[in-house]
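Colleague: Have a look at this fold, sequence not included:
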């Protein structure tokens with residue numbers, strides 16, 4: 001048989017046959033005096049087996065192991081490993097589909113920042129009125145989606161719990177709305193504008209003290225913080241810097257008071 005006849009008989013392309021030759025899976029046949037390959041029934045048998053193994057999902061290296069006499073792995077072992085891998089993929093697909101189902105069936109639909117977790121989606125739904133006329137509130141939602149994506153499970157749970165509790169307290173949403181309004185008014189202000197301090201204090205009063213999973217440190221050389229501040233107008237960035245300083249000082253004072261109380265006999 002010529003290569004086209006072999007390929008047609010097994011149901012593959014001539015390009016596939018040449019690729020299997022190149023990968024060392026299919027032995028090269030003898031050539032006729034005119035230079036054409038002369039394939040035998042044995043080549044068709046091997047090629048058909050390669051096709052069956054490939055259709056099961058085996059990679060070329062695994063197929064080579066099965067075909068080689070000294071591979072160290074028999075077909076049962078290779079197929080068992082493939083079955084275990086497919087089971088893991090199947091479980092992952094089921095988990096992803098469940099997450100998609102929750103998102104698609106969420107009450108009120110997906111938020112503009114979606115997809116996000118059901119917890120954050122619920123928080124966005126409860127505070128949707130805060131972003132109606134506030135660019136700063138909309139930007140804050142984007143940041144929350146970013147933080148949720150990059151934080152670990154424990155940090156995400158703490159973040160959602162702390163924010164939910166703060167907004168659920170009496171006057172919590174009103175304080176947030178007032179802080180957003182103060183920050184919005186700083187869009188065209190100078191960093192030394194007197195309103196910067198007022199906005200910083202208002203924002204600090206909105207944030208729960210247990211918002212951060214670890215003691216807060218403000219490193220001016222942190223690349224993320226530099227990029228974060230650059231996304232705001234200068235006066236708004238300054239207000240956020242002061243907010244973080246306020247929270248840092250508050251944490252330090254709380255730790256000092258706790259240590260002092262512990263020294264009292």
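Modeller: Sure, I can see it. Just so you know, these numbers come straight off a predicted model, no measurement behind them.
Colleague: which residues sit in contact with the residue lying closest to residue 32 once chain neighbours are set aside?
Modeller: Spatial nearest neighbour of residue 32, excluding adjacent residues (C-beta to C-beta, 6 or more residues apart in numbering): residue 38 at 5.1 Å. (Glycine included, C-beta is placed from N, CA and C.) Residue 38 sits next to 1, 2, 29, 30, 31, 32 when contact means C-beta atoms under 8 Å, 6 or more residues apart in numbering.
Colleague: Could you rank those by neighbour count and give me the top one?
Modeller: residue 29 (18 neighbours; other C-beta atoms under 10 Å).
Colleague: got a list of what that residue touches?
Modeller: Here residue 29 is in contact with 37, 38, 39, 40, 43 (C-beta under 8 Å, 6+ apart).
Colleague: how about the residues you listed in CSV, adding secondary structure, distance to residue 246 and pLDDT?
Modeller: Below are the contacts of residue 29 laid out as CSV (DSSP: H, G, I helix; E, B strand; the rest coil; distance: C-beta to C-beta, whole Å; pLDDT from 0 to 100):
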residue, secondary structure, distance to residue 246, pLDDT
37, strand, 79, 90
38, strand, 84, 93
39, coil, 80, 94
40, coil, 83, 93
43, helix, 78, 94
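Colleague: Pick out the most distant pair among those residues.
Modeller: Greatest spatial distance in the contacts of residue 29: 37 and 40, 10.3 Å, computed using C-beta to C-beta.
Colleague: Among these two, which residue is more densely surrounded?
Modeller: residue 37 (17 against 12).
Colleague: which residues sit in contact with that one?
Modeller: 2, 3, 28, 29, 30, 31.
Colleague: so what's residue 264 scoring on pLDDT?
Modeller: We have a pLDDT of 45 for residue 264.
Colleague: With residue 146 instead?
Modeller: 84.
Colleague: And for it, the neighbour number?
Modeller: Quick note: residue 146 (other C-beta under 10 Å) scores 13 neighbours.
Colleague: That one: which element?
Modeller: Taking DSSP states H and E as the criterion, residue 146 maps to helix 135-150.
Colleague: Packing partners of that helix?
Modeller: For helix 135-150, the packing partners by 3 or more C-beta pairs under 8 Å, 6 or more residues apart in numbering; DSSP states H and E come out as helix 118-126, helix 153-168, helix 172-184.
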